[in-house]
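Trainee: Sequence below, structure please.
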Amino acid sequence: MELDTIETVGLPQFKVYEVLANRRRFETIRVLEDASGSVSVAELSEMIAKAEANGESPSKSARDSVYSSLHQTHLPKLHELGIIHYDREARTVEPLDRARDVSRYMEVVTYFGLTWGEYYRAVGVIGMVSVLASLLELPLFGLLDPILLCSLVLGIYAISSAHQLWSHPMELHVRDLWKR
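Mentor: I've put the predicted structure just below:
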């Protein structure tokens, strides 16, 4: 793998970051993750305008602005990069395999303000330090069995993973969506 190319995506890194750096392109990929097939540009622009308005009902001018920029700029660019299929005539958009690959770079943030990766690293480090402290029989930790601590950390991982999958079911749905 070259240093400047992301192997799974087949795009130069700067292109992936360029795609995700624009909020409307980022939101397009996010919305398509939840979709079950193609989405009309009108529906897509409505959802993106609502996201930009922080969940409030967007004004007509805001919706029109989003629609125009999607139609004229963002969707053709994503189509050209092979991330989506944009049918200009039917005004529909559907995700391609590359969209799933690009969306992997869109980290989900936990309720605590950490990304899931940071959360899992923290649990791992705390677990490792706790087990080490137990093995070294440090005060309080020496009273706990290292196997019990390992089991506790693995349980936390299992519960956290189940919660993440439950609270973000789109990640499972997306895999099925792109198999078609």
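
Trainee: what's stretch 62-72 in contact with?
Mentor: 24, 28, 41-42, 44-46, 48-49, 52-53, 58, 91 (Cβ atoms under 8 Å, 6 or more residues apart in numbering). For the C-beta atoms, the positions are set from N, CA and C on the backbone; glycine is no exception.

Trainee: If we use 7 Å, what do you get?
Mentor: Arg24, Val41, Ala42, Leu44, Ser45, Glu46, Ile48, Ala49, Glu52, Ala53 (Cβ atoms under 7 Å, 6 or more residues apart in numbering).

Trainee: Out of these, which two sit at the greatest distance?
Mentor: Farthest pair in the contacts of stretch 62-72 (Cβ to Cβ) is Val41 and Ala53. Separation: 18.2 Å.

Trainee: one step back: tabulate the contacts of stretch 62-72 (TSV), appending neighbour count, distance to Asp34 and secondary structure.
Mentor: Converted to TSV, these look like this (neighbours: other Cβ atoms under 10 Å; distance: Cβ to Cβ, whole Å; DSSP: H, G, I helix; E, B strand; the rest coil):
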residue	neighbour count	distance to Asp34	secondary structure
Arg24	20	16	helix
Val41	20	16	helix
Ala42	14	16	helix
Leu44	26	11	helix
Ser45	26	15	helix
Glu46	17	14	helix
Ile48	26	12	helix
Ala49	24	16	helix
Glu52	17	17	helix
Ala53	14	18	coil
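
Trainee: what would the residues you listed look like in JSON lines with pLDDT?
Mentor: Shown next, in JSON lines, are the contacts of stretch 62-72 (pLDDT from 0 to 100):
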{"residue": "Arg24", "pLDDT": "92"}
{"residue": "Val41", "pLDDT": "95"}
{"residue": "Ala42", "pLDDT": "94"}
{"residue": "Leu44", "pLDDT": "94"}
{"residue": "Ser45", "pLDDT": "94"}
{"residue": "Glu46", "pLDDT": "93"}
{"residue": "Ile48", "pLDDT": "92"}
{"residue": "Ala49", "pLDDT": "93"}
{"residue": "Glu52", "pLDDT": "88"}
{"residue": "Ala53", "pLDDT": "88"}
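
Trainee: Which of those residues sits closest to Thr73?
Mentor: Arg24 (8.4 Å).

Trainee: Quick check: closest non-adjacent residue to that closest one.
Mentor: His74 (5.2 Å; Cβ to Cβ, 6 or more residues apart in numbering).

Trainee: Thank you kindly, that will do.
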